[in-house]
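Chemist: Sequence plus the predicted model coming up.
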Amino acid sequence: MSRIILIETSTALCSTALAIDGRIAESRESREPRAHAAMTAVFVSQMLDSQGLKAADCDAVCVSAGPGSYTGLRVGSSTAKGLCFASGRPLLAVGTLEVLAWQAVCDGLLPEGCRHIVPLVDARRMEVYTAVFSTEMRRLDDVRPMVVDGDSFADILAEGPVLFIGDGAEKCSQVISSPNARFVQACPRAASMLKPAEKALAARDFKDTAYFEPFYLKQFQATVSKKKIF
């Protein structure tokens, strides 16, 4: 009997889920702005209470590791680590782009004849974090930042229908005009972490709870306020 706490906070959606024996038994979500820090741990507590469980009754805690929002990833990582330290349970981590690819498959979003899935995490302006996946869930290239233009992904679009999914999909639909392109604007959800989390647990692919860091892809850059305080 497997139980995994799933945490997804890499984008604007704050999402948690509790997987029990290969199914999602509980889930909580909020799109309230800047709710991640306030709600993530609360959601986990609510799910466990609803099932009459404690974190120590679970087999692992799995967090979506990025790339994505710096602040969101920090909240998810910190919450997951806190749960692991307190319960003695191991930490798992799965890539955010892989979560989106699984979301496309599990939610039945693939158009007929589709061979490629392209997750798109918004990185502001016309930049996204992305990689190409096959519909068999093989990542076909490196995770990378990309400034999207009209020629982006032309090679795979020439082969047939391609599903673009993520919170960066809508803005990319404004510049990618191929008739083979299908766009789904969506944030990654904790429930969609089920398959990769189970795979990681079976492989005992545990992360070092003390030293694990999210995959930011780009360094965080702080800005200095121009307002004069004094």
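Modeler: Arrived safely, thanks for sending. Numbers count the residues shown, from 1 in each chain.
Chemist: Let me see the mean pLDDT of stretch 81-90.
Modeler: Averaged across stretch 81-90, pLDDT comes to 98.
Chemist: longest helix anywhere in this protein?
Modeler: Identified as the longest helix of the chain according to DSSP state H is helix 70-87.
Chemist: tell me what that helix is packed against?
Modeler: Secondary-structure packing of helix 70-87 (3 or more Cβ pairs under 8 Å, 6 or more residues apart in numbering; DSSP states H and E): strand 3-8, helix 36-50, strand 60-64, strand 91-94. Bear in mind the C-beta positions are built from the backbone N, C-alpha and C, glycine included.
Chemist: repeat that for 10 Å
Modeler: Other elements packing on helix 70-87 under the criterion 3 or more Cβ pairs under 10 Å, 6 or more residues apart in numbering; DSSP states H and E are strand 3-8, strand 14-20, helix 36-50, strand 60-64, strand 91-94, helix 96-106.
Chemist: Of the ones you listed, which stretch is the most buried?
Modeler: The highest mean neighbour count among the helices and strands packed on helix 70-87, using mean count of other Cβ atoms under 10 Å, belongs to strand 60-64: a mean of 29.
Chemist: Now do that strand against helix 96-106: the angle between them, please.
Modeler: Using axes from the mean of the first three to the mean of the last three Cα atoms, to 10 degrees, the interaxial angle of strand 60-64 with respect to helix 96-106 works out to 100 degrees.
Chemist: any idea how far strand 60-64 is from the chain center?
Modeler: 11 Å (Cα atoms, centre = their mean, to the nearest Å).
Chemist: What is that strand packed up against?
Modeler: In terms of contacts (3+ Cβ pairs under 10 Å, 6+ apart), strand 60-64 is packed against strand 3-8, strand 14-20, helix 70-87, strand 91-94, helix 96-106, helix 194-202.
Chemist: how about CSV for the ones you listed, with distance to residue 158 added?
Modeler: Putting the helices and strands packed on strand 60-64 into CSV (distance: least, Cβ to Cβ, whole Å) gives the following:
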stretch, distance to residue 158
strand 3-8, 33
strand 14-20, 35
helix 70-87, 34
strand 91-94, 30
helix 96-106, 20
helix 194-202, 29
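Chemist: out of these, which comes closest to residue 32?
Modeler: strand 14-20 (7.6 Å; Cβ to Cβ).
Chemist: Relative to the next helix or strand after that closest one, what are the paired strands and their orientations?
Modeler: Scanning forward in sequence from strand 14-20 by DSSP states H and E, the next helix or strand is strand 23-30. Next to strand 23-30 in the sheet, as set by DSSP bridges, lie strand 14-20 (antiparallel).
Chemist: and the strand it pairs with, how far out from the chain's middle?
Modeler: Between the centre of strand 14-20 and the centre of its host chain there is 12 Å, according to Cα atoms, centre = their mean.
Chemist: Give me the angle between that strand and helix 36-50.
Modeler: Between strand 14-20 and helix 36-50, the angle comes out at 20 degrees (the same axes, to 10 degrees).
Chemist: what stretches of this structure score poorly on pLDDT?
Modeler: The chain contains residues with pLDDT under 70 at 219-230.
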